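Asker: What follows is a predicted protein model with its sequence.
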Amino acid sequence: MGAGFFVEADSKRIADLATEINSQFSRDFSTAFKDAVIRNLKGNYLETNTNKNALMQYDNPSQDLKSGFVLKIGGNVKSWKRRFFVAKNKADNYRIVYYEDETMRKVKGYICCCGYQVEAFSAEEVSWYGHFGIKLTSYDGSKRQWLFRAYSDAAQTEWLEVLMHACKKAKPEPLKDPVYTATFKAAFSATKAAYGFFGVCFIFGTECEMLEHLTNQILSREILDDYILDRARTNPANAKSLVLEVHRHVQKIVKPIVRHSWENCFSAVRVLKAPFELSVKASLRLLIQKETDIKAQLEPQIRQIVIPHLGEIENTICKPILASCAERLLQAYESAIEGLQVEVVALIEAVEPYADSVQASQSALLLSVEQGTSTANCLSAAQKVLWRMHTEDLIDLQQLFEISGLTAFDVYSNALDDLKLLTVNAIFTFGNIAIPTPKHSPEGSPTPEAKLAALSLLETNSDTEGHSSKKHAPKENDHTTSPHSVGGRAESTADLAQLGHSPSPSRSHSRSPSRSHSRSQSRSVSKSGRHHSRSKHHGHHSAHHSRVPVSKAALLHSLNQVIAKMCLDAVLSLRAGLNRLLLDAMESKIQESMVSPCRDEVAAAKAHVTRDVQLMINLHSIGENLVRDMVTEFVDAMIGRNIPRATARLQDLSKRLFISSPTPPPVDDTV
């Protein structure tokens, strides 16, 4: 069959349409780039009010979510190889790095999970490859399929959870600049809408992969479906091979067109970004004023387009979703707050009353929340509430979500992410409030810098003594999380060897259960963030001179403050989550019924914009932004009617969870 299956006219028709689609994307990308740059600079220019009562924002450091030995099939030689896998967190874009062995000296490769979906082996695949199997398959089949095998059923379950999370959250590798990311997403959505594909835009692969997928979607609808159907009727026995051959030939035409288009788009904006930003900065005040004037001129016409649809949206989308989700989400937030308090109280009771021990337990708690693979952490009850919402309350709304490309699982996953973010911010805030920061030293006492210098000298002396201990290699069925330091930086015996430290067999000073798995670590982190060696020769001496005491009363007082702040932030998070849910659910309706007609109303506004400013202002996007502002205002007002009840319940929860404790003693902020 091959390439000769298509006549030349068919191939030309496919190439012409693919070129037209990517030319449309190029125009949309240019427009979206201008908007993204202006929006980014406006965000830096306009002042934003900050809530002083809000929780501190946790800047997630690089951590290992999970590690252990896994069998994988090679890319070239199709045989099973034993590799040490390490799953990274958000800071490393959820990469999966695999090494030759547990020493992690030699990296064998890595997997970017963006664009993949994960599942366990089917019964047929189990008969071929064996038990405890996992496979990673790209959405469109254009990338390598990865096949793994764990060493136990429990390890398979844990790796499946980690990989599912990574596949959902990983972003395309090439674009790191948020301006470029926003530009691509806006241009991709605009091109989809131009060809009648409406709904939420999900980033599921690299830019080329997504453009290729969209091009194939449009080609299938416009040309290929009818083409395949006509020829399948004449030879139904070969219908499956016919489809494969057609798509294989189309890929040969589409791939170079898409790659050339994307490279041109990205190269152009990369060259133009710096001079365009300078031009925008020079006239930013004028741009903001002109946008305000144009919006005032366009608002009456745009409102006439939007208002008729709002009543329908309220009855068909907003009310059913709020009835199904609002109460469950509020219950989940209440469960998360209560769960965190129980967890931290247990931490306070178990941990030694020293700053480094509290920090160690705090870091372990942060990691357990981020991993999210254990049902024993403080979010387990909240997660069960959200899962009931997913499996029970949202069943009747599945068809409504599908119109906009949303799923019930997306609703569950996004809500769980919001809870995790709130919880890690609360844990981070607790650590910063509870641990006193050294400010000064009494007269005659050594300064903190002098003490740290002395400790560094002790480390240097101990490093030259050459202490050693046996390395304990993980067993083949090892599927525990990797050792991690309290500062969030993953460590192994190889890491310590490279730094000149020998692993110490001495026990950890902390008796916290959350740290029992990492007693073999040779270093801990002080409040200053520096690492101090704890060898058996000087560990007690170092701890005795550098540990800062923290009273139980002070810790409980800090917890009360954090719970109060968490309840306040929960209201904001709940409101933002409901806003996002409703707007995502109605995205298709907004694009099709409101955004498209509004573009005809902006032509008259062009005469009122000077030419220099018009080069930087996209009037169509101003009209679209007006539509979205009006819909958002309407949705926010609807949600606002439910917020007072949620606020009252969370305020009552804050009062109920208040722990009476003695007044904490004055903080000794000396080291």
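Answerer: Okay, I see it. Numbers count the residues shown, from 1 in each chain.

Asker: which stretches of the stretch 351-500 of the chain have low pLDDT?
Answerer: Applying pLDDT under 70 to the stretch 351-500 of the chain picks out residues 371-376, 436-500.

Asker: Can you show me the strands along the protein?
Answerer: When secondary structure is read from DSSP state E, the chain shows strands at 64-73, 80-88, 96-99, 107-111, 116-120, 133-138, 146-149, 523-525, 531-533.

Asker: May I have the predicted confidence score for His509?
Answerer: At His509, the model reports a pLDDT of 37.

Asker: Is it correct that His165 is in contact with Tyr94?
Answerer: Yes - at 7.2 Å, His165 counts as touching Tyr94 under the criterion of Cβ atoms under 8 Å. Where C-beta positions appear, they are placed from N, C-alpha and C, glycine not excepted.

Asker: Tell me how far the residue at minimal distance from the centre of the chain lies from Ala364.
Answerer: In the chain, the residue lying closest to the centroid (Cα atoms, centre = their mean) is Lys169, at 4.6 Å. Separation of Lys169 from Ala364 (Cβ to Cβ, to the nearest Å) stands at 22 Å.

Asker: and if you look at Ser621?
Answerer: Separation of Ser621 from Ala364 (Cβ to Cβ): 46 Å.

Asker: Ok, Ser279 next?
Answerer: Ser279 is 50 Å from Ala364, by Cβ to Cβ.

Asker: With Ala553 instead?
Answerer: For Ala553, the distance to Ala364 equals 23 Å [Cβ to Cβ].

Asker: State the number of residues packed around Asp293.
Answerer: Using other Cβ atoms under 10 Å, Asp293 has 13 neighbouring residues.

Asker: do the same with the one 5 residues further on
Answerer: The number of residues packed around Leu298, counting by other Cβ under 10 Å, is 19.

Asker: what's the neighbour count on the residue nearest to Phe202 when sequence neighbours are not counted?
Answerer: Leaving aside its sequence neighbours, Phe202 sits nearest to Gly405 (Cβ to Cβ, 6 or more residues apart in numbering; 6.8 Å). Gly405 has 17 neighbouring residues, counting by other Cβ under 10 Å.

Asker: my read: Gly405 touches Ser189, true?
Answerer: No - between Gly405 and Ser189 there is no contact under Cβ under 8 Å: 10.8 Å.

Asker: shared neighbours of the two, anything?
Answerer: Residues touching both Gly405 and Ser189 (Cβ atoms under 8 Å, 6 or more residues apart in numbering): there are none.

Asker: ok, back up a step: tell me which of Ala553 and Ala364 has more neighbours.
Answerer: Comparing Ala553 with Ala364 by other Cβ under 10 Å, the one with more neighbours is Ala364, at 21 against 13.

Asker: Can you give me the distance of that one to Ile617?
Answerer: To Ile617, Ala364 is 51 Å away according to Cβ to Cβ.

Asker: try Ser558
Answerer: Here the distance between Ser558 and Ile617 works out to 49 Å (Cβ to Cβ).

Asker: mind giving me CSV with the strands of the chain and columns for mean neighbour count?
Answerer: CSV is the format used below for the strands of the chain (neighbours: other Cβ atoms under 10 Å):
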stretch, mean neighbour count
strand 64-73, 22
strand 80-88, 20
strand 96-99, 21
strand 107-111, 14
strand 116-120, 18
strand 133-138, 19
strand 146-149, 22
strand 523-525, 22
strand 531-533, 23
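
Asker: right, so of the ones you listed, which gets closest to Ser593?
Answerer: Distance to Ser593, taken as Cβ to Cβ, is lowest for strand 116-120 among these, at 31.8 Å.

Asker: and the angle for the closest one with strand 133-138?
Answerer: Angle of strand 116-120 versus strand 133-138, following axes from the mean of the first three to the mean of the last three Cα atoms, to 10 degrees, is 160 degrees.

Asker: Who are the packing partners of strand 116-120?
Answerer: strand 133-138, helix 153-169 (3 or more Cβ pairs under 8 Å, 6 or more residues apart in numbering; DSSP states H and E).

Asker: Can I get the shortest one in CSV, CA atoms only?
Answerer: What that stands for is strand 133-138. The C-alpha trace of strand 133-138 is given here as CSV (Å, rounded to 0.1, in the frame of the first residue of the first chain):
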residue,chain,number,x,y,z
GLY,A,133,3.9,-4.4,35.2
ILE,A,134,3.4,-0.7,34.4
LYS,A,135,3.4,1.0,31.0
LEU,A,136,3.7,4.6,29.9
THR,A,137,2.1,5.3,26.6
SER,A,138,2.0,8.7,24.8
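
Asker: Could you check the angle that strand makes with strand 64-73?
Answerer: Using the same axes, to 10 degrees: strand 133-138 against strand 64-73 is 100 degrees.

Asker: can you check the longest one too?
Answerer: Computed with the same axes, to 10 degrees, the direction of helix 153-169 lies at 110 degrees from that of strand 64-73.

Asker: Can you give me the buried ones in helix 153-169?
Answerer: Of all the residues in helix 153-169, those buried under the rule 16 or more other Cβ atoms under 10 Å are 155-168.

Asker: a markdown table please, covering those and showing pLDDT and distance to Ile223.
Answerer: Compiled in a markdown table, the buried residues of helix 153-169 are given as follows (pLDDT from 0 to 100; distance: Cβ to Cβ, whole Å):
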| residue | pLDDT | distance to Ile223 |
| --- | --- | --- |
| Ala155 | 92 | 47 |
| Gln156 | 92 | 43 |
| Thr157 | 90 | 44 |
| Glu158 | 89 | 45 |
| Trp159 | 93 | 41 |
| Leu160 | 91 | 39 |
| Glu161 | 85 | 41 |
| Val162 | 88 | 41 |
| Leu163 | 90 | 36 |
| Met164 | 86 | 35 |
| His165 | 82 | 38 |
| Ala166 | 86 | 36 |
| Cys167 | 85 | 31 |
| Lys168 | 81 | 33 |
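
Asker: Could you export the helices and strands packed on strand 116-120 as CSV, including distance to Leu386?
Answerer: Formatted as CSV, the helices and strands packed on strand 116-120 follow (distance: least, Cβ to Cβ, whole Å):
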stretch, distance to Leu386
strand 133-138, 24
helix 153-169, 15
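
Asker: Of these, which is nearest Lys319?
Answerer: So among these, helix 153-169 is nearest, using Cβ to Cβ, at 28.6 Å.

Asker: Can you name every helix or strand that the closest one contacts?
Answerer: Helices and strands touching helix 153-169, by 3+ Cβ pairs under 8 Å, 6+ apart, are strand 64-73, strand 80-88, strand 116-120, strand 133-138.

Asker: Sheet partners, orientation included, of the shortest one?
Answerer: Sheet pairing for strand 116-120, assigned by DSSP bridges, gives strand 133-138 (antiparallel).

Asker: by how many degrees do the partner strand and strand 107-111 diverge?
Answerer: Using the same axes, to 10 degrees: strand 133-138 against strand 107-111 is 60 degrees.

Asker: What lies in contact with strand 133-138?
Answerer: Strand 133-138 has contacts (Cβ under 8 Å, 6+ apart) with 111, 113, 115-121, 125-126, 144-150, 156, 159-160, 163, 167, 205, 209.

Asker: how about the helices and strands packed on helix 153-169 in CSV, adding distance to Gly311?
Answerer: Listed next are the helices and strands packed on helix 153-169 as CSV, based on distance: least, Cβ to Cβ, whole Å:
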stretch, distance to Gly311
strand 64-73, 46
strand 80-88, 48
strand 116-120, 39
strand 133-138, 43
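
Asker: wait, which of the ones you listed is closest to Met586?
Answerer: Closest to Met586 of these, according to Cβ to Cβ: strand 116-120, at 26.4 Å.

Asker: Export the closest one to CSV, keeping only CA atoms.
Answerer: C-alpha atoms of strand 116-120 as CSV (Å, rounded to 0.1, in the frame of the first residue of the first chain):
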residue,chain,number,x,y,z
TYR,A,116,2.0,10.3,28.7
GLN,A,117,-0.7,8.2,30.3
VAL,A,118,0.1,5.4,32.7
GLU,A,119,-1.7,2.1,33.4
ALA,A,120,-1.0,-1.4,34.7
